[in-house]
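Undergrad: have a look at this prediction, sequence included:
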Amino acid sequence: MNPRFSPRPFALLMLGLLLITRPLHGAELIEDVQVGIGGKLKLGHWTAVQVQLQSPVTLQGQVEVTVQDGDATDAVFRGPSEVSLAAGEPQTVTIYVRFGRQKSGLEVVFRDPGGQLLCSRRFLTPRAMLSTDYWILTVGAEIPANQALLKRSLAPDDEQHLIVGHLSSMADLPDQWIGLEGIDQLVLTTSRQKYTGGDRLAVLSRWVHMGGRLVISVGTRAETLLAGESGWNELVPGTYAGTVRQWQTGGLEVFAGATQRLLLSPADDSPMTLLTDVTGVLESLDGVGGTGDRPMIVRAAQGLGQVVFLAVDLDRSPVDGWSSFDRLLEGLLSRRTDVASGRSAGGGSAKVAHVGYDDLAGQLRAALDRFSGVTIVSFYWVVAILVVYILFLGPVDYFLLKRFRRQHWTWVTLPLMVTLCAVLVLSMSNRLKPDQVLVNHLEIVDLDLASQHLRATSWIHLYSPRARTFDLSLDWDGLSLLAPAGNQDWQQRLSWQGLPGEGLGGLDTGGGNTINQSYGHGPVGTGELHGLPMMAASTRSLVATAAGSHQLDVTSELSPDNITGALEGSFSNPLGVAILEGVLYYGDWAFELPARLEPGETVRALDLRETMRNLESRLTKSRVVKRSQQESGWSKVDLDVPRIVEMLMFHQAAGGARYTGLTHRYQPWLDMSDHLNLNRAVLVGRVAAGASRLALGGELKEPDQQWVYYRIVFPVSPATGG
């Protein structure tokens, strides 16, 4: 062998060639990403990430997106299925993720079917909205919005922002309804909307029925969109009966509190849509004083959400150029109590310095973080132990040894006291915290009987005594009896639960991560988490959702009493299990049910008159003292889960932030106060068995504390006659 020849340069050359040739379908494979809706996203909510791929060769694999969660830990989200790329053909894969940190960026990874990394690329992300910001999305025409006026009524908190986004077409909406989770209200104009139907219309309809709030105006294109059987009819609270060219403007003028007339000229191509068999509440007719009796503005419950229908085009003359347009838009977007509560609340905001949160979701999280058998060491305990420790190390040791003239013994007493204190602290730690994994579990299952839509939400809090990783899975077998046979494929997701606000660990902070370990979400629809890391004696907050359809029929014949506004008729328990401690809410009233309502058991509304109570008085625990009503103030440090759940369900009816001093902005769809005034009665009660089951490492884990609530929405026939 030639001694001057060395194989090292040759090996380095071959390695370089391999590194050069391997990324032929590497760096150029992941071309770009599009995040959110119109480039906007909200922290702590499901967000669409569109990954644009193109490969020079035929390729198969899996796409993953990594973002930081609410604890600044890397969370990996997998694509819906394996991707097959044809050579030279671009393809877009949509993955839904939850961002937990501001401007943390994201990483896109492409792996082959065997899991080997083929390509990865990092991208910057746009600045996200705060988790409690108010997001209005306009679709169709870009209508002018007076954001200062809207903020006063919709987002009066000083720390809260109001953002208005825009899409020109419904085709630009996400391909799944969960991608609209962060949007508070969507305003859809149709006169210039070329999109007539298809999958995005189904997405929009599903979002509304799962708790979304939609404002829709239909005039010029009413015949195209509403005639015949179409998906648009699901979004309209009535039956289409044609259009008219001449209509009265007085109704809109009164609704908007206008100071100037809305002038309709023959040159204006702005017809009015006629609806019959209106299912919602008439907020405005086209005229006033008997000059017009056709529905102009209708507010209606649609499934678990809400639709506001305007019978003329919001984006055409004469409405779009009207001097009172801003007030009209404010009225369409606002709840009945929004404007009043927003102005009475002033500009104050709840501070987080005392309790660590400023949203009801934070109070719920604090309550679920209290585990049986785990004693929370208060700050005062720590201070007391430190004071005693310092006293023994300093003055006590010094004066005691000086009295016996044995100061040189300090070389023995000092390490002895340090050791004793360490043993004492370790002993206290072991006694205060159990040596087993604990689970707290809260579930709220919402059922709308009229539309047969179902939405279930599950909050899971874990406590781990030791540092370890967990493989979790959640199934919703408890809902199987509610679903049609053969149609139990729930759209379910399991992920981390954030803490809104600027408190310790909040989504609006820039706190770092002490765990340098990522974890993964399972395939879409499986409700799985893999390798979830936890530190010793720490907790984790998770949230799961399931959405689908149920087979329960309407089991009620309810209508309002024309004089008192209370309910008449009867209703039955539609579930296959008993409802415990049930309360029926309707209008301004709450009716307490018998302690146990058996499956199929019928209750007459008349029999509940003795237990009926004013809604706000019940929610605020008010009592009459010396002929004046005094409400029990809300305690931000109260950790009573049932009480917090009651407020989550009807926060606005209790007075909103004016009563609690907290916002309800992180998961606002839980608040069904509006339904009580939209021809709906809501039955709330506990059940004994959970709707979902949690497995840790493949083994079922029974919760140590569990609360299961069902919320059943009954239709109420409109009042007739006088």
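TA: It's in.
Undergrad: where does this protein have its least confident helix or strand?
TA: One helix or strand of the chain scores below all others by mean pLDDT, DSSP states H and E: helix 338-344, with a mean of 39.
Undergrad: can you list the strands that the helix or strand hosting residue 539 pairs with?
TA: Here residue 539 sits within strand 538-549, counting by DSSP states H and E. The pairing partners recorded for strand 538-549 under DSSP bridges are strand 453-464 (antiparallel), strand 491-496 (antiparallel).
Undergrad: looking at those, which is buried most?
TA: strand 453-464 (a mean of 23; mean count of other Cβ atoms under 10 Å). C-beta here means a position set from N, CA and C on the backbone, and glycine is covered the same way.
Undergrad: which residues does residue 526 contact?
TA: 473, 492 (Cβ atoms under 8 Å, 6 or more residues apart in numbering).
Undergrad: and the strand holding residue 539, how far from the chain's centre?
TA: Its chain's C-alpha centre and that of strand 538-549 lie 11 Å apart, by Cα atoms, centre = their mean, to the nearest Å.
Undergrad: quick check: next helix or strand after that strand?
TA: Next along from strand 538-549, by DSSP H and E: strand 556-560.
Undergrad: tell me what that next one is packed against?
TA: The contact analysis (3 or more Cβ pairs under 8 Å, 6 or more residues apart in numbering; DSSP states H and E) places strand 556-560 against strand 567-572, strand 705-715.
Undergrad: please save the CA atoms from it in PDB.
TA: What follows is strand 556-560, C-alpha atoms only, in PDB (Å, rounded to 0.1, in the frame of the first residue of the first chain):
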ATOM      1  CA  SER A 556     -90.900  18.800  24.700                       C
ATOM      2  CA  GLU A 557     -94.000  20.900  24.000                       C
ATOM      3  CA  LEU A 558     -93.000  24.200  25.500                       C
ATOM      4  CA  SER A 559     -94.400  27.700  24.900                       C
ATOM      5  CA  PRO A 560     -94.200  30.900  26.900                       C
END
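Undergrad: walk me through the domains of the chain.
TA: Under automatic domain parsing, the residue ranges defining each domain of the chain are 24-123, 134-344, 379-432.
Undergrad: returning to that earlier point: out of the strands paired with strand 538-549, the one nearest residue 652 is which?
TA: In terms of Cβ to Cβ, the element of the strands paired with strand 538-549 nearest to residue 652 is strand 453-464, at 18.3 Å.
Undergrad: ok, back up a step: show me what counts as buried in the next helix or strand after the least confident helix or strand of the chain.
TA: Sequence-wise, the next helix or strand downstream of helix 338-344 (DSSP H and E) is helix 360-368. Using 16 or more other Cβ atoms under 10 Å as the test for burial, helix 360-368 gives 360-368.
Undergrad: right, and residue 139 touches residue 164 too?
TA: No. The pair residue 139 and residue 164 does not pass the contact test of Cβ atoms under 8 Å, sitting 11.7 Å apart.
Undergrad: who has more neighbours out of these two?
TA: residue 139 (27 against 19; other Cβ atoms under 10 Å).
Undergrad: lowest average confidence across the domains of the chain, which one?
TA: Between those, the one with the least mean pLDDT is domain 379-432; it has a mean of 73.
Undergrad: related to what we said a few turns ago, as JSON lines, the strands paired with strand 538-549 with distance to residue 695 would be great.
TA: Formatted as JSON lines, those follow (distance: least, Cβ to Cβ, whole Å):
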{"stretch": "strand 453-464", "distance to residue 695": "11"}
{"stretch": "strand 491-496", "distance to residue 695": "11"}
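Undergrad: which one, of these, ends up nearest to residue 84?
TA: Taking Cβ to Cβ, strand 491-496 is the member of the strands paired with strand 538-549 nearest to residue 84, at 24.1 Å.
Undergrad: where along the stretch 501-650 of the chain do the strands fall?
TA: With DSSP state E, counting those that start in this stretch as the criterion, the stretch 501-650 of the chain has strands at 519-521, 528-534, 538-549, 556-560, 567-572, 579-586, 589-592, 596-597, 602-604, 612-614, 623-625, 628-630.
Undergrad: now the third one: mean pLDDT?
TA: Pointing back at strand 538-549 there. 94.
Undergrad: for stretch 230-247, list the C-alpha coordinates in PDB.
TA: Extracted C-alpha coordinates of stretch 230-247, given in PDB (Å, rounded to 0.1, in the frame of the first residue of the first chain):
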ATOM      1  CA  SER A 230     -79.600  24.300  -0.700                       C
ATOM      2  CA  GLY A 231     -77.200  24.500   2.200                       C
ATOM      3  CA  TRP A 232     -77.900  28.200   2.500                       C
ATOM      4  CA  ASN A 233     -81.300  27.500   3.900                       C
ATOM      5  CA  GLU A 234     -79.700  26.100   7.100                       C
ATOM      6  CA  LEU A 235     -78.300  29.500   7.800                       C
ATOM      7  CA  VAL A 236     -81.600  31.400   7.300                       C
ATOM      8  CA  PRO A 237     -84.100  31.600  10.100                       C
ATOM      9  CA  GLY A 238     -87.200  31.200   7.900                       C
ATOM     10  CA  THR A 239     -88.600  30.100   4.600                       C
ATOM     11  CA  TYR A 240     -87.700  32.000   1.400                       C
ATOM     12  CA  ALA A 241     -90.700  33.600  -0.200                       C
ATOM     13  CA  GLY A 242     -89.200  35.900  -2.900                       C
ATOM     14  CA  THR A 243     -88.000  39.500  -3.000                       C
ATOM     15  CA  VAL A 244     -89.500  42.900  -3.300                       C
ATOM     16  CA  ARG A 245     -88.000  46.100  -4.800                       C
ATOM     17  CA  GLN A 246     -89.800  48.600  -2.700                       C
ATOM     18  CA  TRP A 247     -89.600  48.400   1.100                       C
END
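Undergrad: tell me what the longest helix seen in the chain is packed against?
TA: Using DSSP state H, we find that the single longest helix of the chain is helix 410-432. Helix 410-432 sits against helix 397-403, with contacts defined as 3+ Cβ pairs under 8 Å, 6+ apart.
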